[in-house]
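In: model this:
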Amino acid sequence: MTSRLSVIAAFVLGLALGQLKAPVAHGQTRAIKTHNILTTDLAGWCGGKQITVEENEAGPGTSGKHYHPAHSFTYILEGSEAYALDGQPSRTVAAGDVLHEAPMQLHTVDNVSPVKLLVVRIIERGKDASVRVP
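Out: Here you go, the predicted structure:
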């Protein structure tokens with residue numbers, strides 16, 4: 001009986017807090033769902049490199065400081081986000097905009113609502129697509 005009351009209390013508390021509609025905390029890392037559309041080797045043309053094409057869906061929150069060891073091209077399919085290169089003010093990018101990030105370019109992305117992206121990267125085989133920076 002006690003655990004049932006705890007579950008009900010937690011549910012009611014969650015509903016109440018959800019109604020506050022507080023802005024997303026800057027430190028809250030956003031959830032990303034990635035669908036790999038294509039990965040292909042560029043051998044014979046660009047040795048050791050590959051191209052990846054992904055559709056990413058990100059929920060509200062922040063990416064945190066990170067970089068990509070790749071040339072990254074991002075087309076915003078739906079939604080908008082605040083994009084900030086390290087040391088520069090953020091700017092809003094929205095559906096229809098395209099971003100190019102040079103390899104190792106430190107940046108942060110924040111959004112308050114879901115966003116859908118098409119991301120194309122030219123990256124060295126075996127490298128992680130994103131590297132977080134504390």
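
In: tell me where this structure has strands.
Out: Here the chain has its strands, by DSSP state E, at 32-41, 49-58, 61-62, 66-67, 70-78, 80-85, 91-94, 98-101, 107-111, 115-124, 131-132.

In: quick one: contacts of the last one?
Out: With Cβ atoms under 8 Å, 6 or more residues apart in numbering as the contact definition, strand 131-132 has outside contacts at Gly64, Lys65, His66, Tyr67, His68, Pro69. Where C-beta positions appear, they are placed from N, C-alpha and C, glycine not excepted.

In: picking up where we left off before, and the strands of the chain as TSV, adding mean pLDDT and mean neighbour count?
Out: Below are the strands of the chain laid out as TSV (pLDDT from 0 to 100; neighbours: other Cβ atoms under 10 Å):
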stretch	mean pLDDT	mean neighbour count
strand 32-41	95	12
strand 49-58	96	17
strand 61-62	94	19
strand 66-67	95	16
strand 70-78	97	18
strand 80-85	96	18
strand 91-94	96	14
strand 98-101	96	14
strand 107-111	95	19
strand 115-124	97	18
strand 131-132	92	12
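
In: state the distance from the residue lying closest to Leu77 once chain neighbours are set aside to Gln50.
Out: Nearest residue to Leu77, sequence neighbours excluded (Cβ to Cβ, 6 or more residues apart in numbering): Lys116, at 4.3 Å. With the distance defined as Cβ to Cβ, to the nearest Å, Lys116 ends up 23 Å from Gln50.

In: roughly how far does Val120 sit from Pro134?
Out: 28 Å.

In: wait, I meant Leu42
Out: The value you get for Leu42 to Pro134, if Cβ to Cβ is used, is 32 Å.

In: looking at these two, which one has more neighbours?
Out: Leu42 (14 against 4; other Cβ atoms under 10 Å).

In: Gly48 - how many residues pack around it?
Out: Gly48: 12 neighbours (other Cβ under 10 Å).

In: hang on, it packs against Ile123?
Out: No. Gly48 lies out of contact with Ile123 (Cβ atoms under 8 Å); the separation is 9.9 Å.

In: so who does the residue nearest to Leu77 touch?
Out: Glu55, Asn56, Glu57, Ala58, Ile76, Leu77, Glu78, Gly79.
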